[in-house]
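Undergrad: Show me the folded form of this:
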Amino acid sequence: MFLLHPAIPPWAVPGASGLDLVLLIDTPLPPGRVFVRSLPDNEELLTPMQPDGHDGALQRWRAHVTWDGGNALTLYAFAVARPEGRCWLAADGLHGHVPPEAVHFRVHPREQPPEWVRSQVFYQVFPDRYARGSATPAQAGLAAWGSPPPRQRAASAYYGGDLPGLVERLPYLHDELGVTALYLNPVFAAGSNHRYDTHDYDQVDPLLGGNAALAALRAATQARGMRLVLDAVVNHTGARHPWLQQQPGLYARGAGGEVLGWKGHANLPVLDFAQPAVQQAVYGDADAVLRRWLRPPYAIDGWRLDVVHMLGEGPGAHNNAHHVRAIRRAVRDANPQAYVLGEHFAEATRWLQGDQEDGAMNYYGFAQPLHDWLAGGELAGQRQRIATAAFADWMQRAQAAIPYANQLAQLNLLGSHDTPRLLTELGGDVALLQLAMTLLFTRPGVPCIYYGDEIGLEGGPDPDCRRCFDWDRSHWHGGLWSHVQRLARARRERREWQQGATLTLAQGRDWLAYARYTADAATVVVVNRGPAVTVSLPLHRLPLRPAQWQDWDGAALPAADLLTLGLPARDGRLVLSPPSRG
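TA: Modelled structure (predicted):
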């Protein structure tokens, strides 16, 4: 028996009193056999579902559940009584018993990510390495553009990239490549090229052009309808921040009374959020750090919160959730549509239940499984690729643990300033990087391109992953660039890529097929890391039956219940219905 619950409208519709829910089943059943399980006030409630027609080849069952008045989240799952025994559907798939509540479908009735986020194509810029402004005065001591980042002077080697240079490259980013949102690594005055050692939250680093340059960048992005997200480093400051000399009581202390540095780095003293003055300075006051830059003339669209899971009271992360919730409230108070994005290398589930972060840099639920599937993960000196089934399960379980609205606001990425470039991890295999780009743009979540990945920039561990962008187009991997450009355009046009539900259709040893779909349109994505293979896809499991399908080049495909496709080696295919309406 096949059960399907797309956790998006029209199959999950929130209202004033609760949720209208639809379960889809491929086997006809009489009334009295299908139920939705909810947990109002922590007590199990089984609500009978009623048959209500069909979606495609699937029978539709409908019920209403009220909001859980005793908990922030409303949880639910589905139960079906079959002659051969009960089965259950949760967000991670079928179960032969009552599924754990950790994988129940979940909705927060009030706290939702801003809707604009899910439609973006993000681009991450490390400002010092992206572009120099053509009118920026010459600076002494700069490294030659494009020369390898020196490991011995990783933090102190400057190349002269700045915000005026970024403004000059907006036609490339927006008009050519299709980027709609920027995420910048820190821009505030600091003692290093990476600027995670802030010594003045009031001033954009003069080397980047100062506050006026940020205002000019904001005006230029707004003129193009682009969004701008900045990096907030408020777990710690730099050792040159005046607070350390003038108000040392604001910092966390060790057992011996010494100021603690982040992960032992003395130049990154950790703030103690048990101190009311820290709370007020960071998020509480009307002119707090996280509020003021959300107002004109800068009016940024959100914050990426650096190592936010480590922020807390005293020498650790004590009371972390309290302060992250308070940060969310403060940011939303300053801008109700601001994006609150957390940095977490490990699982971020507890921060993504609706009332803390809108999304996270999705290392755990996307980047790590993708790396392990394509390049192989390393443990105890051995690198091994995970099985396709493990790859699919990993992403599905990570997705199941959070509200789907938050999944759509996750920042999916192939890598960042903290990780080796994926192309380098793949041994320079551009075909596999293109496959990874297909996954990046079509999995649920928001795609974020780390600058240079679209042209095939390579790089090992930090600082090598922070090489200068190469503006000599003759050095670019043209096929890769064109592929990314085409994906970005399609993501802007295809609503199911932005907000559609997700269904795994089939998989083999080296290939995976899944669909992104709404009630109006669908895209089937098939990715193959291995040799050429022929696959069969059960399209009848989708809750819509388009009059026709076509491949990405527009060639018509049969509207069959079972579609057979040939997959080239180390490549993918996209099968699309006519585009969404509206």
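Undergrad: can you give me the helices for the stretch 351-500 of the chain?
TA: Using DSSP state H, counting those that start in this stretch, the helices assigned to the stretch 351-500 of the chain run over residues 368-374, 388-400, 404-407, 422-425, 430-442, 478-493, 495-499.
Undergrad: Now those helices in CSV, please, with extra columns for mean neighbour count and distance to G165.
TA: In short, each C-beta sits where N, CA and C put it, glycine included. Output for the helices of the stretch 351-500 of the chain, formatted as CSV (neighbours: other Cβ atoms under 10 Å; distance: least, Cβ to Cβ, whole Å):
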stretch, mean neighbour count, distance to G165
helix 368-374, 23, 30
helix 388-400, 19, 36
helix 404-407, 24, 34
helix 422-425, 23, 24
helix 430-442, 22, 25
helix 478-493, 17, 20
helix 495-499, 21, 30
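Undergrad: List just the one of those that sits closest to R240.
TA: For those, the distance to R240 is smallest for helix 422-425, at 33.7 Å, taking Cβ to Cβ.
Undergrad: Residues touching that closest one, excluding its own?
TA: 371, 374-375, 414-415, 429-430, 433, 436, 453, 456-460 (Cβ atoms under 8 Å, 6 or more residues apart in numbering).
Undergrad: Convert the C-alpha atoms of that helix to CSV, please.
TA: These are the backbone C-alpha positions of helix 422-425, laid out as CSV (Å, rounded to 0.1, in the frame of the first residue of the first chain):
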residue,chain,number,x,y,z
LEU,A,422,33.5,20.3,-3.7
LEU,A,423,35.3,20.3,-7.1
THR,A,424,38.6,19.7,-5.3
GLU,A,425,37.0,16.9,-3.2
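Undergrad: Averaged pLDDT, it. What do you get?
TA: Helix 422-425 shows an average pLDDT of 98 in the prediction.
Undergrad: same thing with stretch 167-182?
TA: The predicted model assigns stretch 167-182 a mean pLDDT of 98.
Undergrad: Low-confidence regions, the protein specifically.
TA: Low-confidence regions of the chain, defined by pLDDT under 70, span residues 580-582.
Undergrad: Quick one: the helices in it, in order.
TA: 163-168, 170, 210-223, 242-246, 276-279, 289-292, 320-334, 368-374, 388-400, 404-407, 422-425, 430-442, 478-493, 495-499 (DSSP state H).
Undergrad: re earlier: please name whichever of the helices of the stretch 351-500 of the chain is nearest to Q337.
TA: If you check each of those against Q337 by Cβ to Cβ, helix 404-407 wins as the nearest, at 14.5 Å.
Undergrad: residues contacting L217?
TA: Each residue near L217 by Cβ under 8 Å, 6+ apart is listed here: L163, L166, V167, L228.
Undergrad: Same list, the helices of the chain, but as CSV with distance to Q120 please.
TA: Written out in CSV, the entries for the helices of the chain read as follows (distance: least, Cβ to Cβ, whole Å):
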stretch, distance to Q120
helix 163-168, 17
helix 170, 15
helix 210-223, 12
helix 242-246, 34
helix 276-279, 31
helix 289-292, 21
helix 320-334, 18
helix 368-374, 20
helix 388-400, 19
helix 404-407, 15
helix 422-425, 21
helix 430-442, 12
helix 478-493, 9
helix 495-499, 9
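Undergrad: And these: which comes nearest W471?
TA: Using Cβ to Cβ and comparing the helices of the chain, the one that lies nearest W471 is helix 163-168, at 10.1 Å.
Undergrad: I would like the residues contacting the closest one, please.
TA: Outside helix 163-168, the residues within contact range by Cβ under 8 Å, 6+ apart are 125, 127, 130-136, 182, 184, 187, 204, 208-209, 213-214, 216-217, 220.
Undergrad: What of stretch 534-550?
TA: The set of residues external to stretch 534-550 that reach it, using Cβ under 8 Å, 6+ apart, is 2, 4, 6, 11, 24, 26, 55-58, 503, 505-506, 508, 511, 513, 515, 517, 519-522, 524, 526, 556-567, 575-578.
Undergrad: So which residue is smack in the middle of the protein?
TA: With distances taken as Cα atoms, centre = their mean, the chain has L411 as the residue nearest its mean C-alpha position (1.5 Å).
Undergrad: pretty sure it contacts F122?
TA: Yes - with contact defined as Cβ atoms under 8 Å, L411 counts as touching F122 (6.4 Å).
Undergrad: Now for those two: what residues contact both?
TA: Overlap between the contact sets of L411 and F122, as judged by Cβ under 8 Å, 6+ apart, is given by Y183, V446, C448.
Undergrad: Include neighbour count when you put those into JSON lines, please.
TA: Shown next, in JSON lines, are the shared contacts of L411 and F122 (neighbours: other Cβ atoms under 10 Å):
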{"residue": "Y183", "neighbour count": "26"}
{"residue": "V446", "neighbour count": "27"}
{"residue": "C448", "neighbour count": "28"}
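Undergrad: Save the residues you listed as CSV, and put in distance to A547 too.
TA: What follows is the shared contacts of L411 and F122, written out as CSV (distance: Cβ to Cβ, whole Å):
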residue, distance to A547
Y183, 40
V446, 31
C448, 35
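Undergrad: Looking at those, which is nearest E493?
TA: Comparing the shared contacts of L411 and F122 against E493 with Cβ to Cβ places V446 closest, at 15.9 Å.
Undergrad: Check the spacing between L512 and A389 real quick.
TA: Using Cβ to Cβ, to the nearest Å, L512 is found at 9 Å from A389.
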